[in-house]
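Participant: Sequence and computational prediction follow.
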Amino acid sequence: MKESELQNIKQRYNIVGNCEALNHALDVALQVAPTDLSVLIIGESGVGKEIIPKVIHDNSPRKREKYFAINCGSIPEGTIDSELFGHVKGSFTGAINDSPGYFGVADKGTLFLDEVGELPIATQARLLRVLETGEYIPVGATKVMKTDVRIVAATNVNIRKAISEGRFREDLYYRLNSIPIQMPPLRDRGEDIILLFRLFAMQMAEKYRMEKIVLSEDAKSILMRYKWPGNVRQLKNITEQISILSTERNISAQILAKFIPQDTESTQLATIQQGKDRSFENEREILYKILFDLKGNVNDLRREMAMLKKQLEENQAAKIINDNIESSTSIQTTIPQHIQPAVHHTEIQQGGMYLHRHDKPITEDAVAEEYVEPTKEQENLNLNDIEKQMLIKALEKNNGNRKKAANELGISDRTLYRRIKQYGLE
Ligand SMILES: Nc1ncnc2c1ncn2[C@@H]1O[C@H](COP(=O)(O)OP(=O)(O)OP(=O)(O)O)[C@@H](O)[C@H]1O
């Protein structure tokens, strides 16, 4: 494919990077797009697999038809068949109407089955049938339905293990894998790491109207050497953290070191990732790293809550306070001065803190009165508690949108779903 065509695609989808493996993946996607062949995108979590099926659909003869992206790992086992293949009224409790399912509504279009390795074995059999014959039977129905859907699926590198353990059908794997597309891990993308950092730094600067962060040469070489177990998602997350939390806009190696795990840890994570089914643990490590980083903010958060509580008592301005509690409980608890006031609700004036639309200063003394020093036990917050609170906050902040919440936490959708289940937050 011509270089200019490739650049057009990158511009259109906001894809950054020039490494050979990424260019090859895009090249294959564009070549296979006009056909009806199934495509299997393989790559570690966070490498950017989701862009590929969009590129394929938009450049195929199906581009005016429907496109759906479905995360197979996030749909409960009990409802996945009905979600995919539809159901007839009365076939189970709650089936109050007939439903066509994704295979019905996406007829003539494209379905992206993300985390296909998570499909229950019975659903795999139905999927294989529809792939081979275009036929399926909705849940509770007797009549065979026909559909013409192009399938693009994605999986992390662990699908082979799932096959060897009998959790994934080998025949389905080969059927899906007509055209494999490998997405390279970030650690193998060389200079692209710096380009991606610049992209995310620029996006943050524009979004929050603040000065862009810039990397020093030694900081660049640290980024290039780091193993990036969470790939592009992790890089994006770290760039966002630095953009918000660092008051210094020229990011040196020392500043950067505070935000990325130390060498031994990263090397260890990279070793774990290679060939072993440990992505779950890796994500956990990343999440814990973020949680540890945030732990330092918990006390600031308590102080802010105490201040807001005092305001509430003094002014009975419940609505104003609620707005501010919301903002003060967001992940970015300490708002640095380089962020414009437009993005938060507090202003510092002459040593006291004012709330917008409110003219009474809260002094340090008043806060000291209200602020109760946490006990040792409280201080020693259990990691699980922090993790649970983080999940709740991310979900609340994103109005229950799990995808956005997972993105914000820098973890995959599946990890989020597992945690939601684990903590009974359903
Ligand atoms: N080359 C790229 N240029 C710009 N942004 C990218 C690129 N690759 C990935 N991203 C961004 O990185 C984030 C993670 O990508 P994405 O969700 O596609 O990963 P994934 O491989 O599907 O992860 P998972 O398997 O965990 O679902 C997204 O915000 C995406 O926009």
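Facilitator: Sure, I can see it.
Participant: which stretch of helix or strand covers the most centrally placed residue in the chain?
Facilitator: Centroid-nearest residue in the chain, with C-alpha atoms, centre = their mean: Asn407, separated by 2.5 Å. Using DSSP states H and E, Asn407 sits within helix 402-409.
Participant: what residue ranges in the stretch 301-426 of the chain score low on pLDDT?
Facilitator: Across the stretch 301-426 of the chain, the ranges flagged by pLDDT under 70 are 301-383.
Participant: now do 80
Facilitator: For the stretch 301-426 of the chain, the stretches with pLDDT under 80 are 301-387, 397-401, 403-404, 407-408, 410-415, 417-418, 421-422, 424-426.
Participant: What parts of the stretch 1-150 of the chain come near the ligand?
Facilitator: For the stretch 1-150 of the chain, the contact set with the ligand under C-beta under 6 Å from any ligand atom comprises 14-17, 43, 45-51, 114. For every residue, glycine as well, the C-beta is placed using N, CA and C.
Participant: What of the stretch 151-300 of the chain?
Facilitator: On the criterion C-beta under 6 Å from any ligand atom, the ligand has as its neighbours in the stretch 151-300 of the chain the residues 156, 196, 199, 232-233, 236.
Participant: Farthest-apart pair in those, please.
Facilitator: The span of those, defined through C-beta to C-beta, is set by Asn156 and Leu199 at 23.7 Å.
Participant: Comparing the two, which residue is more hemmed in?
Facilitator: Asn156 (21 against 18; other C-beta atoms under 10 Å).
Participant: correct me, but the more buried one touches Glu44?
Facilitator: Yes - under the criterion of C-beta atoms under 8 Å, Asn156 makes contact with Glu44 at 5.9 Å.
Participant: show me where the stretch 1-150 of the chain has strands.
Facilitator: For the stretch 1-150 of the chain, applying DSSP state E, counting those that start in this stretch gives strands covering 39-42, 67-71, 110-114, 135-136, 145-146, 150-155.
Participant: The residue nearest to the centre of the chain touches Arg233, doesn't it?
Facilitator: Yes - the pair Asn407 / Arg233 is scored as a contact, 7.3 Å apart, by C-beta under 8 Å.
Participant: In the stretch 151-300 of the chain, what residue spans correspond to strands?
Facilitator: 179-182, 214-215, 250-251.
Participant: Please name the residues that touch the residue in the chain that the ligand sits nearest to.
Facilitator: Closest approach between the chain and the ligand, counting by C-beta to the nearest ligand atom: Gly48, at 2.5 Å. Under the criterion of C-beta atoms under 8 Å, 6 or more residues apart in numbering, the neighbours of Gly48 are 15, 183, 231-232.
Participant: Read off the pLDDT value for Ser1.
Facilitator: For residue 1 the amino acid is Met, not Ser. Met1 is assigned 67 on the pLDDT scale.
Participant: ok, now Ser246?
Facilitator: As predicted, Ser246 sits at a pLDDT of 93.
Participant: what's the burial count for it?
Facilitator: 18.
Participant: was I right about it contacting Ile255?
Facilitator: Yes - when contacts are counted by C-beta under 8 Å, Ser246 is listed as touching Ile255 (5.8 Å).
Participant: State the distance from the residue of the chain closest to the ligand to Ala29.
Facilitator: Separation of Gly48 from Ala29 (C-beta to C-beta, to the nearest Å) stands at 12 Å.
Participant: swap in Asn97?
Facilitator: 37 Å.
Participant: Which of the two has more residues huddled nearby?
Facilitator: Neighbour tally, Asn97 and Ala29, criterion other C-beta under 10 Å: the higher count belongs to Ala29, 22 against 8.
Participant: show me what contacts that one?
Facilitator: Contact partners of Ala29, counting by C-beta under 8 Å, 6+ apart, are 39, 52, 55-56, 59, 181.
Participant: now do Ala219
Facilitator: By C-beta under 8 Å, 6+ apart, the residues touching Ala219 are 251-253, 255-256.
Participant: Looking at those residues, which are in helices?
Facilitator: Counting by DSSP state H, the contacts of Ala219 place 253, 255-256 in helices.
Participant: List only those of the residues you listed flagged as buried.
Facilitator: Among the ones in helices among the contacts of Ala219, those scoring as buried are 255-256 (criterion: 16 or more other C-beta atoms under 10 Å).
Participant: tell me which of the ones in helices among the contacts of Ala219 is nearest to Ser74?
Facilitator: So of the ones in helices among the contacts of Ala219, ranked by how close each gets to Ser74 (C-beta to C-beta), first place is Leu256, at 33.4 Å.
Participant: How much space separates that closest one from Asn250?
Facilitator: For Leu256, the distance to Asn250 - C-beta to C-beta - is 11 Å.
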